[in-house]
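Novice: All I have is the shape, not the residue letters:
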């Protein structure tokens, strides 16, 4: 069938408005948020689960690659095409019009449909005194619930583990090239795909149709894994076989219609403790003490190095101010505005590239210092910063411990007021954007960038990186932040001009291998990392004809994985 006829068939399903074929209109969906881009025949935005199924039928019938996409907020390019060397045309199916979330058992579990977001889930659970499996980072940028599940994304929350479920409704292409619907939701919804999808979308099922299954709807064993501080393996990473199941970790190799997940009781009280030290071993000891002896584990514990603190203060100031003044619900709008401005600047030759970053950096300079005085004092005193959030009974447990510990050890801490605590967490969250902003503003002076997402073994004492000199000399700037309790570090590098970044990355990864690290830890492979054999085998089992998201994990883009 010709491309023209395929587009006509797709348009009959979505309507003219919701099928994009013009190059300018497709760019928002065919270019990654931070990484990667490529060509697509069309971008379809279905309005129902049944429309997704019908679009899949057309694509499978005509041997068209399907690339499922939700919010397109991934960091490694895994939800967009990458290059133009595919052997079949690509259709992107964007699910963001399908946002429904169903509550089960008074909100103790939820059913999230294809385009539902963590932000919407947080709002839906709030009146019930409950929370989703992920908050702040992924919530704020408008990330989808299913995107997190497909990527086993981790994050800051210590007691909840990576995003995971064994209950999902999804479509796959089998080894004979036939489209199949797999209902692992644990809900009786009918027999045919049309029945199942329409009944779910319309919530046409009763409480008695929901099966009380033993299948897990969260990573409920993560706390025990984290507490095993003497293990020589990391606590979480994307190729961990225990978290590869159906939709979980699938990275776009199937089309996920819905997932069933646990929610969590919201703490009654929270308290932020801000820690500082000039000795990385001090934080190593605190981590071991808390994980091995505390009755109540922290809610979160995010690390920030002083260099990253400074970079975030300078290059993420505008993002911080927007979130602080307008709230996190404005951030998806801000990102959409940035993307539109940049697409416009790329279209008009007289405008500079990355125009939005340059405008926002200028506007940020007009505002006074946005960080609390106590944080600034700790910045001057200490190289290493750790933001530890405790809740309920854990607050007094932590207060007593920190008082005793810092009476005998180097470093210090202070208890944040609610305002200080919010700003500390926000500063850490916005630090992720400082790396990209610096690179944009200094593009002509640097040799490139690398963003590493590394999980170190739980027993690793030298968690703070000291690179061999021959590698270290190739960097102009290194920015470190991460989730210290689980030993996941985000290590962002600005490379000196003239350095071969591909060769340098190979050296870095060999160095990480020698230390028993796993990578990526929580961002998934996308097109930036090579998938390890266990992950590749999982992808091939899900998608034997390589019809969904080919090339992921630097794998084959060809049909049948040739």
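Specialist: Arrived safely. Bear in mind the structure is a predicted one, so any value in this text is a computation, not a measurement.

Novice: For residue 70, which non-adjacent residue is closest in space?
Specialist: In space, and not counting its chain neighbours, residue 70 is closest to residue 144: 3.4 Å by C-beta to C-beta, 6 or more residues apart in numbering. Quick note: C-beta positions are derived from backbone N, CA and C, even for glycine.

Novice: ok, now residue 79?
Specialist: residue 69 (4.6 Å).

Novice: Please report the distance of that neighbour from residue 391.
Specialist: 35 Å (C-beta to C-beta, to the nearest Å).

Novice: More neighbours: those two, which one.
Specialist: A direct count of neighbours by other C-beta atoms under 10 Å for residue 69 and residue 391 places residue 69 higher, at 26 against 19.

Novice: Helix or strand, whichever it is, which one in the chain has the lowest mean pLDDT?
Specialist: One helix or strand of the chain scores below all others by mean pLDDT, DSSP states H and E: helix 137-140, with a mean of 50.

Novice: Beyond that helix, next helix or strand please.
Specialist: helix 145-150 (DSSP states H and E).

Novice: tell me what that next one is packed against?
Specialist: Secondary-structure packing of helix 145-150 (3 or more C-beta pairs under 8 Å, 6 or more residues apart in numbering; DSSP states H and E): helix 118-125, strand 255-262.

Novice: tell me the angle the first one makes with strand 255-262.
Specialist: For the pair helix 118-125 and strand 255-262, the angle between their directions (axes from the mean of the first three to the mean of the last three C-alpha atoms, to 10 degrees) equals 40 degrees.

Novice: buried ones in helix 118-125?
Specialist: Buried residues in helix 118-125, counted by 16 or more other C-beta atoms under 10 Å: 118-122, 124-125.

Novice: Equivalent analysis for stretch 404-421, please.
Specialist: Here stretch 404-421 shows 405-406, 411, 413-416, 420-421 as buried, counting by 16+ other C-beta under 10 Å.

Novice: Quick one: end-to-end distance for it.
Specialist: Terminal residues of stretch 404-421 lie 22 Å apart, using C-alpha to C-alpha, to the nearest Å.

Novice: What mean pLDDT does that stretch get?
Specialist: If you average the pLDDT over stretch 404-421, you get 97.

Novice: just the helices in the stretch 201-350 of the chain please.
Specialist: Under the criterion DSSP state H, counting those that start in this stretch, the stretch 201-350 of the chain carries helices at the ranges 222-227, 280-293, 306-315, 317-326, 331-347.

Novice: Quick one: those helices as JSON lines, columns for mean pLDDT, distance to residue 475 and mean neighbour count too.
Specialist: Formatted as JSON lines, the helices of the stretch 201-350 of the chain follow (pLDDT from 0 to 100; distance: least, C-beta to C-beta, whole Å; neighbours: other C-beta atoms under 10 Å):
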{"stretch": "helix 222-227", "mean pLDDT": "95", "distance to residue 475": "31", "mean neighbour count": "16"}
{"stretch": "helix 280-293", "mean pLDDT": "98", "distance to residue 475": "19", "mean neighbour count": "17"}
{"stretch": "helix 306-315", "mean pLDDT": "97", "distance to residue 475": "11", "mean neighbour count": "21"}
{"stretch": "helix 317-326", "mean pLDDT": "87", "distance to residue 475": "24", "mean neighbour count": "19"}
{"stretch": "helix 331-347", "mean pLDDT": "74", "distance to residue 475": "27", "mean neighbour count": "16"}
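
Novice: For residue 245, find the nearest of those helices.
Specialist: Counting by C-beta to C-beta, residue 245 lies closest to helix 222-227 out of the helices of the stretch 201-350 of the chain; the figure is 14.7 Å.

Novice: ok, residues contacting that closest one?
Specialist: Helix 222-227 is contacted by residues 158-162, 231, 235-236, 291-292, 297, 458, 485-486 when judged by C-beta atoms under 8 Å, 6 or more residues apart in numbering.

Novice: Mind picking the one among these that's closest to residue 191?
Specialist: For those, the minimum distance to residue 191 (C-beta to C-beta) is 33.3 Å, reached by residue 162.

Novice: isn't there a helix covering residue 560?
Specialist: Yes: membership of residue 560 in a helix is supported by DSSP: H, G, I helix; E, B strand; the rest coil.

Novice: State the distance from it to residue 426.
Specialist: From residue 560 across to residue 426, the span is 48 Å (C-beta to C-beta).

Novice: my guess is residue 381 meets residue 413, correct?
Specialist: No: Residue 381 is not in contact with residue 413 according to C-beta atoms under 8 Å; the separation is 11.4 Å.

Novice: Quickly list what's touching both of the two.
Specialist: If you check residue 381 and residue 413 against C-beta under 8 Å, 6+ apart, the residues they both contact are residue 276.

Novice: can you list the weak-confidence ranges in the stretch 51-200 of the chain?
Specialist: 136-142, 155 (pLDDT under 70).

Novice: now do 80
Specialist: Residue ranges of the stretch 51-200 of the chain with pLDDT under 80: 135-142, 154-156.

Novice: Give me the buried positions along the longest helix seen in the chain.
Specialist: In the chain, taking DSSP state H as the definition, the longest helix is helix 418-441. Buried positions in helix 418-441, judged by neighbour count with 16+ other C-beta under 10 Å: 420-421, 423-440.

Novice: any idea how far that helix is from the chain center?
Specialist: 16 Å (C-alpha atoms, centre = their mean, to the nearest Å).

Novice: what residues does the helix or strand following that helix touch?
Specialist: Note on helix 418-441: by DSSP H and E, the next helix or strand toward the C-terminus is strand 446-455. By C-beta under 8 Å, 6+ apart, the residues outside strand 446-455 that reach it are 75, 234-237, 435-436, 439, 476, 486-499, 501, 504-505, 508, 512, 517-523, 528.

Novice: In PyMOL, select just the buried ones from those.
Specialist: Selection of buried members from the contacts of strand 446-455 for PyMOL, criterion 16+ other C-beta under 10 Å:
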select buried, resi 75+234+235+236+237+435+436+439+476+486+487+488+489+490+491+492+493+494+495+496+499+504+505+508+512+517+518+519+520+521+522+523+528
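
Novice: Which members of the contacts of strand 446-455 occur in strands, if any?
Specialist: Under the assignment DSSP state E, the contacts of strand 446-455 contribute 476, 488-496 to strands.

Novice: quick one: the residue nearest to residue 86 when sequence neighbours are not counted from residue 88, how far?
Specialist: Nearest residue to residue 86, sequence neighbours excluded (C-beta to C-beta, 6+ apart): residue 557, at 5.0 Å. The gap separating residue 557 from residue 88 is 9 Å, by C-beta to C-beta.
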